[in-house]
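[1] When you get a sec, could you give me coordinates for this:
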Amino acid sequence: MKSSISLIVFLIGMLGSQPSVVGQEFYFPERNEVWKQATPNQFLYNQQKLQAAIDFANENEYSGSRDLRQAILNGFQREPFHEILGPTKKRGGPAGMILKNGHLLASWGDTKRVDMTFSVTKSFLSTTAGLALDAGLISNIDDKVESYIWDGTFNGVHNGKITWEHLLQQNSDWSGELWGLKDWADRPPKEGGLDDWKFRKLNEPGTVMEYNDVRVNVLSYSLTHLWRKPLPMVLKEHFMDKIDASTTWRWHGYDHAWTEIDGIQMKSVTGGGHSGAGLFISTEDMARFGLVFLNDGRWKNEQIISRDWIAKATEPSAPNINYGYMWWLNKKGSRHWEGVPEHLFYAAGFGGNFIVVDQKSGLMLVTRWLEPQKIGEFVKLVYDAF
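    Predicted coordinates:
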């Protein structure tokens, strides 16, 4: 009897130590396969409440123009010198998927349509850094970038202090110009004017988080030189092909963003789309990407990216509890969603593009073109169905 009790206690302890989403019920779709629908009663949830969440998403479409070129120009009017520098694409209507352990509970809209995804791209960019760390191309995430990229990009007392982690957490305050864009002209403060922004006091790297696409693109440029190949090729070879993603996604850079490596001209892609470019991708391929993070870096039996990287990428940064390595976190900070678990992490992009990951419950959501201010309410409606 005592041995039976000991065995039960041991098994309970083992179950508690494992990621809750890993198990026989987890589903990974093959390439071009119709996504597998959950069978009736496979998971316990209220179908009517889940439908109410979907209706909410359809009723709260992003209010900006479907002509994304126009939406971009309208959305960033405060930026001096702002212009479209890369490709754009007119968007579709609301779309999304709700999955549990990889099984499809519900979907809406055209989930195969390829659309711009804006700053969701940043989570893909972060992933190429994680792959570089796993491959040994980066020895330590706390290394100064100047020791890898010595072409002047990180020259100077201030820029020379910047580490890979600072760039990933967007708290580097890198100062300079890339592709003709100055760091201070991207999302400037509400107060002051050009002279105030140009001659501001620089923040010590690691102390102040500032959302800034120029600095994000400095990370992309640096990783391109580190890998010695365009990042779309890195992502395709080391990630997207391994998860049977479609052939329809594209990752663009600005029209003039060329750099020479090993005598070959390569495009340095962007980590967002607010001057055009960035990742163009379908809802279903976004879901495949998210499934890897839901399953702690694994796709079927292959570890695509390390568990250690995902754990590190989803830790709160010192200056912003809601931000990790280009993943947003649902901690009790300025971006907290009320009524849903704090352990959620998510990718977020302009116009209401989101990949929401809950490793503990196995729940994952992808939304396209949901009014951004409504995302917390939408996620709560989904959780209310469970």
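[2] List the buried residues in the helix or strand containing residue 375.
    Counting by DSSP states H and E, the element that carries residue 375 is helix 375-384. For helix 375-384, the neighbour count (16 or more other C-beta atoms under 10 Å) marks 375, 376, 377, 378, 379, 381, 382, 383 as buried. All C-beta atoms are positioned from the backbone trio N, CA, C, and that covers glycine.
[3] again with stretch 93-108
    Buried, per 16+ other C-beta under 10 Å, within stretch 93-108: 94-108.
[4] what's the answer for stretch 37-56, then?
    If you call a residue buried by 16+ other C-beta under 10 Å, then stretch 37-56 has these buried ones: 38, 45, 50, 53, 54, 56.
[5] wait, isn't the last one in contact with residue 381?
    Yes: assessed by C-beta atoms under 8 Å, residue 56 is found in contact with residue 381 at 5.6 Å.
[6] Residue 256 should be in a helix, yeah?
    No: assigned with DSSP: H, G, I helix; E, B strand; the rest coil, residue 256 falls outside any helix and is strand.
[7] Kindly tell me how buried the closest residue to it other than its chain neighbours is, as a neighbour count.
    The spatially closest residue to residue 256, leaving aside those adjacent along the chain, is residue 179, at 6.4 Å (C-beta to C-beta, 6 or more residues apart in numbering). Neighbour count for residue 179, taken as other C-beta atoms under 10 Å: 20.
[8] any idea how far residue 179 lies from residue 83?
    Distance, residue 179 to residue 83, by C-beta to C-beta, to the nearest Å: 12 Å.
[9] and if you look at residue 74?
    13 Å.
[10] and what of residue 182?
    Relative to residue 83, and taking C-beta to C-beta, residue 182 is found at 13 Å.
[11] between those two, which one's more packed in?
    Legend: neighbour count by other C-beta under 10 Å for residue 182 and residue 83, higher for residue 182 (15 against 12).
[12] Give the burial count for the closest residue to that one other than its chain neighbours, as a bare number.
    Counting by C-beta to C-beta, 6+ apart, residue 214 is the residue found nearest to residue 182 once chain neighbours are left out, at 7.0 Å. Residue 214: 22 surrounding residues under other C-beta under 10 Å.
[13] and residue 214, which of the three is it?
    helix.
[14] If we ignore the residues flanking it in sequence, what's nearest residue 31?
    Here the nearest residue to residue 31 in space, its sequence neighbours aside, is residue 244; by C-beta to C-beta, 6+ apart that works out to 3.6 Å.
[15] My read is that that neighbour contacts residue 30, right?
    Yes: with contact defined as C-beta under 8 Å, residue 244 reaches residue 30; the gap is 5.7 Å.
[16] Please say which of the two ends up with more neighbours.
    Applying other C-beta under 10 Å to residue 244 and residue 30 shows that residue 244 carries more neighbours, namely 16 against 9.
[17] quick one: contacts for the more buried one?
    Residue 244 makes contact with 28, 29, 30, 31, 33, 288, according to C-beta atoms under 8 Å, 6 or more residues apart in numbering.
[18] ok, and the most crowded of the residues you listed?
    Ranking the contacts of residue 244 using other C-beta under 10 Å puts residue 288 first, with 25 neighbours.
[19] Determine which two of the buried residues of stretch 37-56 are furthest apart.
    Within the buried residues of stretch 37-56, two members stand farthest from each other by C-beta to C-beta: 38 and 56, at 20.7 Å.
[20] Residue 310 and residue 288: what is the separation?
    Residue 310 is 16 Å from residue 288, by C-beta to C-beta.
[21] Actually, residue 207.
    36 Å.
[22] re the thing from before, measure the residue nearest to residue 31 to residue 264 for me?
    Residue 244 is 29 Å from residue 264, by C-beta to C-beta.
[23] Look at residue 69 and say how many residues are nearby.
    14.
[24] tell me the centre residue of the chain?
    Centroid-nearest residue in the chain: residue 123, 2.4 Å away (criterion: C-alpha atoms, centre = their mean).
[25] Identify the nearest residue to it in space, disregarding sequence-adjacent positions?
    Of all residues not flanking residue 123 in the chain, residue 347 sits nearest, at 3.7 Å (C-beta to C-beta, 6+ apart).
[26] Tell me if I'm right that residue 369 and residue 354 touch.
    No: applying C-beta under 8 Å, one finds residue 369 not in contact with residue 354, separated by 10.3 Å.
[27] returning to that earlier point: show me the contacts for the residue nearest to residue 256.
    Shown in contact with residue 179 (C-beta under 8 Å, 6+ apart): 85, 217, 254, 256, 257, 268.
[28] pLDDT score assigned to the fourth one?
    In the predicted model, residue 256 carries a pLDDT score of 98.
[29] burial count for it?
    Look at residue 256: counted by other C-beta under 10 Å, it has 10 neighbours.
[30] That one contacts residue 85, doesn't it?
    Yes: using C-beta under 8 Å, residue 256 is in contact with residue 85, at 7.2 Å.
[31] between residue 179 and residue 83, what contacts are shared?
    What both residue 179 and residue 83 touch, as defined by C-beta under 8 Å, 6+ apart, is an empty set.
[32] pLDDT weak spots in the protein?
    Scanning the chain for pLDDT under 70 picks out 1-24.
[33] No more questions from me, cheers.
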